[in-house]
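>>> next come a sequence and a model predicted from it.
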Amino acid sequence: MSTQPQAPSTPRQPPPQHSAIRSLLRLWPYVRQIRWFLFGSTVAALLASLSALVIPLVLKSIVDGPVAHRDTAGLWQQGVLLLVLGLLEAGLFGMRRLLVARPLASVERRMRADLYARLQRLPVSFHDRWASGQLLSRATSDMYTIRLFLAFPLIFLIVNSMVFLTGIGIMFSLDWQLALITVLPAVPLIVLCSWFERRYSAASRLSQDQNGDLATVLEESVLGIRILKSFGRHRTMAARYRAQAELLRETELKKARLLADLWAVIVGLPELALGVSLAVGVVQVAHGSTTAGTLVGFLSTALSLRWPVESLGWLLAYSNEAATATDRFFEVLDARPADAEDEARAASGTPTTEAATSGTASTEQPARDGIRLTGVRFRYPDAPAGSPDLLSGLDLHIRSGETMALVGLTGSGKTTLTALLPRLYEIDSGRITLDGQDIREIPRARLRELVSMAFEEPTLFSASVSENVLMGAPDAPAEALDRALDVAQAQFVRTLPEGVDTQVGEQGLSLSGGQRQRLALARAVVGAPEFLVLDDPLSALDVHTEALVEQALRQVLSDTTALVVAHRPSTVLLADRVALLADGRITAVGTHHELLESSPDYRELMSGERAEDGSLVR
Ligand SMILES: Nc1ncnc2c1ncn2[C@@H]1O[C@H](COP(=O)(O)OP(=O)(O)OP(=O)(O)O)[C@@H](O)[C@H]1O
């Protein structure tokens, strides 16, 4: 383990060049379905706010009317009117919330479902590049931010602007000179808000990305807790977490400072203007150019506009965060899914260019040709520039019904090669056929039914044993499950508290490595696949269990065409023939005994002798 764990490698997106409004407009397809609820909620909030604005006018008429004329009956009437207005305001605000709560929850659910569905469709190369915490934070905190924006800031940006304009109109109608003094600060405020928006969106993007990084560190530490503890690295990891949290803290403080600056001006300037208009108003009343009631009405109106103005900073800040969350959501949704090409091709009815021009059309191949790789080239998209291709023109033919073992030095590309068959990665050039049919012409879902895999790292999901195994063939009958468990020597599941219905913990942590490997093997064979790919399937088994699994596997392998990555002679012996992978090509093919005789590289590999630099002794 390196002394300093690596930072998550998720590509950082440059700050968006477009405005927050453009980002938020992309939510329209989701918002469209609930637009009438949002409209109703906005109208309710607007009516509530406007009824609050009427209160100062009632106050004015109380001061100029019943109070000035000592009219007690009139005072009661106006008092009741004030009470009704207050109740109306409270009732309408309550209704506003009720109207949007359920529809917004369904918007959030749909967005989350779309994000999840897209993550499932995105190619493995996408997941290689993106740290899991980044995806996790998009599916959780970003969704929450967007929902909250739709519930509150969106509605109140509209409502408060309208209330503000109406209030200004009322103030002008009461006393245009005082109104002019009060609205004068609006000019510098508009300039400040646009400056703020730019700064705040950059900070908000950074903070949301840093949140994702933090989630990644947390997730890795939880999943790798055993390794961290056993190597005594929990302090290093804690230090890394603290460093990451510190970065986030600094960004959050920067955001808070920006917001505080904006707030100080947003609150300070109008207060100043209000003070000036109060002084001018008092002088006007003294000179008799306006009534005391008008001044009270004017000041009450101005004061009731404090919330719409003061909330502006908060609403703008939250809208910016929602715009960033929307950008982050669509970064995933805009990524090209692995099967997009298939769909386009299916729609146009044309095969791939390369398959169409390769000269060997699928129908010309013999019907049961097994697995054939021809001139396959592949390199990982993020391989260092100038490094040779991992697979450089590889040819291999596994006959129908044959089991081929694949051997090679560690890092030679064996696992990579197995991942090419079900198209977890796309080859750069060349061709792979299954019984003569180019794998690019087989719909992905069908291809993955045809090719079943057991990976070197046997991942299990938080589900029952049977659900985990039947993932390989959801419609398989109960006998198939029993047979698969027998083949994989996984009879231990029957002794679990609830047999095959026992829930295995997150990633199957409650099971031993060998037990997990046996369940992963059962998953691969349960559907009696036509093509089976096993990546070192027996590596975690004890010698006794390995012998038993081998015995049962022989039976399964006899009915299928299989590629088995092997590190040990015992696994190699399961195969009819062996292929040696070196320098990006298959350099030798034959039976175990033939290769032992004819290939010095193979002999060295099987005996475990290597040169000091790790290469084979030639
Ligand atoms: N997702 C990836 N992105 C970039 N490079 C990768 C990726 N996965 C593997 N590699 C690199 O490709 C090379 C081949 O890896 P691969 O896992 O296929 O080897 P292998 O022969 O199966 O090794 P082993 O016997 O140790 O399992 C290695 O150098 C590895 O670092």
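Now that the structure is in, tell me what you want to look at. Numbering: from 1, shown residues only.

>>> okay, strands next: where are they in the stretch 501-618 of the chain?
503-504, 531-535, 561-565, 577-582, 585-590 (DSSP state E, counting those that start in this stretch).

>>> so which elements touch the first one?
With contacts taken as 3 or more Cβ pairs under 8 Å, 6 or more residues apart in numbering; DSSP states H and E, strand 503-504 sits against strand 463-464. For the C-beta atoms, the positions are set from N, CA and C on the backbone; glycine is no exception.

>>> average pLDDT for the strand it packs on?
The pLDDT scores in strand 463-464 average 86.

>>> strands paired with it, and their directions?
strand 503-504 (antiparallel) (DSSP bridges).

>>> sorry, back to before: nearest to R446, out of the strands of the stretch 501-618 of the chain?
Proximity of the strands of the stretch 501-618 of the chain to R446 was assessed by Cβ to Cβ; the nearest stretch is strand 531-535, lying at 11.9 Å.

>>> can you put the strands of the stretch 501-618 of the chain in TSV and add distance to the ligand, mean neighbour count and mean pLDDT?
Shown next, in TSV, are the strands of the stretch 501-618 of the chain (distance: least, Cβ to the nearest ligand atom, whole Å; neighbours: other Cβ atoms under 10 Å; pLDDT from 0 to 100):
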stretch	distance to the ligand	mean neighbour count	mean pLDDT
strand 503-504	25	18	84
strand 531-535	7	25	90
strand 561-565	7	26	93
strand 577-582	7	22	94
strand 585-590	13	17	92
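
>>> export those to a markdown table and tack on distance to L24?
As requested, these are exported to a markdown table (distance: least, Cβ to Cβ, whole Å):
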| stretch | distance to L24 |
| --- | --- |
| strand 503-504 | 41 |
| strand 531-535 | 45 |
| strand 561-565 | 49 |
| strand 577-582 | 51 |
| strand 585-590 | 53 |
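
>>> which bits of the stretch 401-550 of the chain sit near the ligand?
Residues of the stretch 401-550 of the chain found near the ligand (Cβ under 6 Å from any ligand atom) are G408, T410, G411, S412, G413, K414, T415, T416.

>>> who wins on neighbours among those?
For those, the largest number of neighbours (other Cβ atoms under 10 Å) sits with G413, at 25 neighbours.

>>> neighbours of the closest residue to E530 other than its chain neighbours, how many?
Spatially, and ignoring its direct neighbours in sequence, E530 is nearest to L450 (5.2 Å; Cβ to Cβ, 6 or more residues apart in numbering). As a burial measure, L450 scores 18 neighbours (other Cβ under 10 Å).

>>> P458 too?
The tally of other residues near P458 (other Cβ under 10 Å) stands at 25.

>>> quick one: it and L192, what's the gap?
As judged by Cβ to Cβ, to the nearest Å, P458 and L192 stand 58 Å apart.

>>> which one of the strands of the stretch 501-618 of the chain lies closest to E220?
Relative to E220, the nearest member of those by Cβ to Cβ is strand 503-504, separated by 21.1 Å.

>>> helices of the stretch 251-400 of the chain, residue ranges please.
Taking DSSP state H, counting those that start in this stretch as the test, the helices found in the stretch 251-400 of the chain are 292-304, 306-334, 340-348, 353-357.

>>> can you lay out the ones you listed as CSV showing mean neighbour count and mean pLDDT?
Converted to CSV, those look like this (neighbours: other Cβ atoms under 10 Å; pLDDT from 0 to 100):
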stretch, mean neighbour count, mean pLDDT
helix 292-304, 21, 85
helix 306-334, 21, 87
helix 340-348, 13, 62
helix 353-357, 13, 43
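
>>> any chance of those helices in TSV, plus distance to Q33?
Putting the helices of the stretch 251-400 of the chain into TSV (distance: least, Cβ to Cβ, whole Å) gives the following:
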stretch	distance to Q33
helix 292-304	35
helix 306-334	17
helix 340-348	25
helix 353-357	40
